[in-house]
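Chemist: give me the fold of what follows.
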Amino acid sequence: MIRLDEIEDPSPEEKELAELLTVLIDDYEERRYPIRKSSPQQTLHHLMEARNLTQKDLWKLFGSKGIASEVFHGKRAICKTQAKKTSPLFSRQRRTVYLARDPRKDSESSAAHKKL
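Modeler: Numbers count the residues shown, from 1 in each chain. Predicted coordinates:
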């Protein structure tokens, strides 16, 4: 694959071979090393850990220790306003990644994800 990438003017056959190898490699990786979906709570914890943040950092944004604790522990879904407030903390990540879906309002939550 590296040799194919280094060719300045590849032939049609070389282009086809490179595309085939790419498809085969992608397929192999998807089957062999699948990426599991994470819950909004897991994603929030990961983002906080990656940036050395604590629950206290959420208190400041949410204005309440109780709300921050409930969101952190997955007892409360993070709302659109809270997601916007936290987005500067996670500037490299889209805020829709950790917005929780409220099972009671499934259609409303789904629509909120699409609007973001």
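Chemist: and for the residue nearest to His45 when sequence neighbours are not counted, the neighbour number?
Modeler: Closest residue in space to His45, ignoring its immediate chain neighbours: Phe72 at 7.8 Å, by Cβ to Cβ, 6 or more residues apart in numbering. Using the backbone N, CA and C atoms, a C-beta is placed for each residue, glycine as well. Neighbourhood size, Phe72 [other Cβ atoms under 10 Å]: 19.
Chemist: same check on Leu44?
Modeler: Applying other Cβ under 10 Å, we find 24 residues neighbouring Leu44.
Chemist: pretty sure it sits against His73.
Modeler: No. Contact criterion Cβ atoms under 8 Å: Leu44 and His73 do not qualify, at 10.2 Å.
Chemist: helix, strand or coil for Leu44?
Modeler: Assigned with DSSP: H, G, I helix; E, B strand; the rest coil, Leu44 falls in the helix class.
Chemist: export the longest helix along the chain as CSV, just CAs?
Modeler: Criterion DSSP state H: the longest helix present in the chain is helix 12-32. Extracted in CSV, the C-alpha atoms of helix 12-32 (Å, rounded to 0.1, in the frame of the first residue of the first chain):
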residue,chain,number,x,y,z
PRO,A,12,-5.6,2.5,-13.8
GLU,A,13,-4.7,-0.9,-12.6
GLU,A,14,-2.6,0.5,-9.7
LYS,A,15,-5.5,2.8,-8.7
GLU,A,16,-7.9,-0.1,-8.8
LEU,A,17,-5.5,-2.2,-6.7
ALA,A,18,-5.1,0.6,-4.1
GLU,A,19,-8.9,0.9,-3.9
LEU,A,20,-9.3,-2.8,-3.5
LEU,A,21,-6.7,-3.0,-0.8
THR,A,22,-8.3,-0.1,1.1
VAL,A,23,-11.7,-1.8,1.0
LEU,A,24,-10.2,-5.1,2.2
ILE,A,25,-8.2,-3.4,5.0
ASP,A,26,-11.2,-1.4,6.2
ASP,A,27,-13.4,-4.5,6.2
TYR,A,28,-10.8,-6.5,8.1
GLU,A,29,-10.4,-3.8,10.7
GLU,A,30,-14.1,-3.4,11.2
ARG,A,31,-14.6,-7.1,11.8
ARG,A,32,-11.4,-7.7,13.8
